[in-house]
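Chemist: Fold the following and give me the result.
(one chain, ligands or ions: 1)
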Amino acid sequence: MNKTLRRAVIAGNWKMNKTPAEAKALVEAIRPLVKDAGCTVLVCTPFVDLAAALQAAEGSNIEVGAQNCHFEASGAFTGEISAPMLTSMGIRTVILGHSERRQYFGETDQTVNLRLKAALAAGMQVILCVGEKLEEREEGITGEIVSMQVKIALQGVSKEEMARVIIAYEPVWAIGTGKTATSAQANEVCHEIREVVAGLYDRATADGLTIQYGGSMNAKNAAELLAQPDVDGGLIGGASLKAEDFAVIVKAATEG
Ligand code: PGA
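Modeler: Numbers count the residues shown, from 1 in each chain. A predicted model of the protein is given here:
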């Protein structure tokens, strides 16, 4: 399939790191290094850093996103942030269903689906995270697990809305562990996800879908991963906190 049909997206997932002052400094450090990027450059910061990051990114090609949102627009949900709250401050993109949310905060495929529909209804773009655990890979059910996660998350999502969905394939065993999937493993599952989307919608929707790989992607291994036919970008944790490393990955996506 022709990769040029798709937008390459390199997204930093800062997780629970950086104060607003540190976020400003990191965006300012990234800014000159990625100014000629041939891909979308996104940094997803903690909620409290969004305003500072937006301000530091103003007038640049860096987009700022969030790492979660609730499925209701407002109400008695202590500690949560809604999609309309994010859009009101100029945030267009949100990561949903990250494995850390699933593992530590009780997120399920069903709540991911609710959050995803709420974010899309608010006009947002979503990075939907899916991925198998180590034991699931060892049991040989990676394809089934990832297909199920994609199918449940996308229930009730229209073909038109799919233009605002990015899927990130993140094998849980590769996140923050320094163990990267081989480029062949990454491509195989990204390809499977594309076929699931083709089955749910149609070929054109699947061919236009940006699918990222995430899990210990770094300055050294990014070029090989991003050169794979079904890997259209990366969701980067650890390496996105270092401006130079992040910029090397952006450059690899521009070339890949
Ligand atoms: P990592 O995290 O790059 O630190 O492995 C990726 C992610 O969790 O999105």
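Chemist: Quick one: end-to-end distance for stretch 160-173.
Modeler: Distance across stretch 160-173, first residue to last, is 33 Å (Cα to Cα, to the nearest Å).
Chemist: buried residues in it?
Modeler: Glu161, Met162, Val165, Ile166, Ile167, Ala168, Tyr169, Glu170, Pro171, Val172, Trp173 (16 or more other Cβ atoms under 10 Å). Yep, even glycine has a C-beta here, placed from its N, CA and C like the rest.
Chemist: Run a quick neighbour tally on the residue lying closest to Asn187 once chain neighbours are set aside.
Modeler: Of all residues not flanking Asn187 in the chain, Gln228 sits nearest, at 3.8 Å (Cβ to Cβ, 6 or more residues apart in numbering). Close neighbours of Gln228, defined as other Cβ atoms under 10 Å, add up to 21.
Chemist: Need phi/psi at Gln228.
Modeler: Main-chain torsions, Gln228, degrees, to the nearest 10: phi -70, psi 140.
Chemist: if I pick the residue in the chain that the ligand sits nearest to, what's in contact with it?
Modeler: Proximity of the chain to the ligand (Cβ to the nearest ligand atom) peaks at Gly237, 2.3 Å away. By Cβ atoms under 8 Å, 6 or more residues apart in numbering, the residues touching Gly237 are Gly12, Asn13, Trp14, Lys15, Ile175, Gly176, Gly214.
Chemist: residues touching the third one, list them.
Modeler: Put plainly, it is Trp14. Listed by Cβ under 8 Å, 6+ apart, the contact set of Trp14 reads Ala23, Val43, Cys44, Thr45, Pro46, Asp49, Gln67, Gly237, Ser240, Leu241.
Chemist: Quick check: pLDDT value at the nearest residue to Lys133 once chain neighbours are set aside.
Modeler: Once flanking residues are discounted, Lys133 sits nearest to Val172: 4.7 Å by Cβ to Cβ, 6+ apart. On the pLDDT scale, Val172 is placed at 97.
Chemist: re earlier: format the contacts of Gly237 as a markdown table; extra columns: secondary structure, pLDDT and distance to Thr254.
Modeler: Output for the contacts of Gly237, formatted as a markdown table (DSSP: H, G, I helix; E, B strand; the rest coil; pLDDT from 0 to 100; distance: Cβ to Cβ, whole Å):
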| residue | secondary structure | pLDDT | distance to Thr254 |
| --- | --- | --- | --- |
| Gly12 | strand | 98 | 16 |
| Asn13 | strand | 98 | 20 |
| Trp14 | coil | 98 | 21 |
| Lys15 | coil | 98 | 25 |
| Ile175 | coil | 93 | 24 |
| Gly176 | coil | 88 | 25 |
| Gly214 | strand | 97 | 18 |
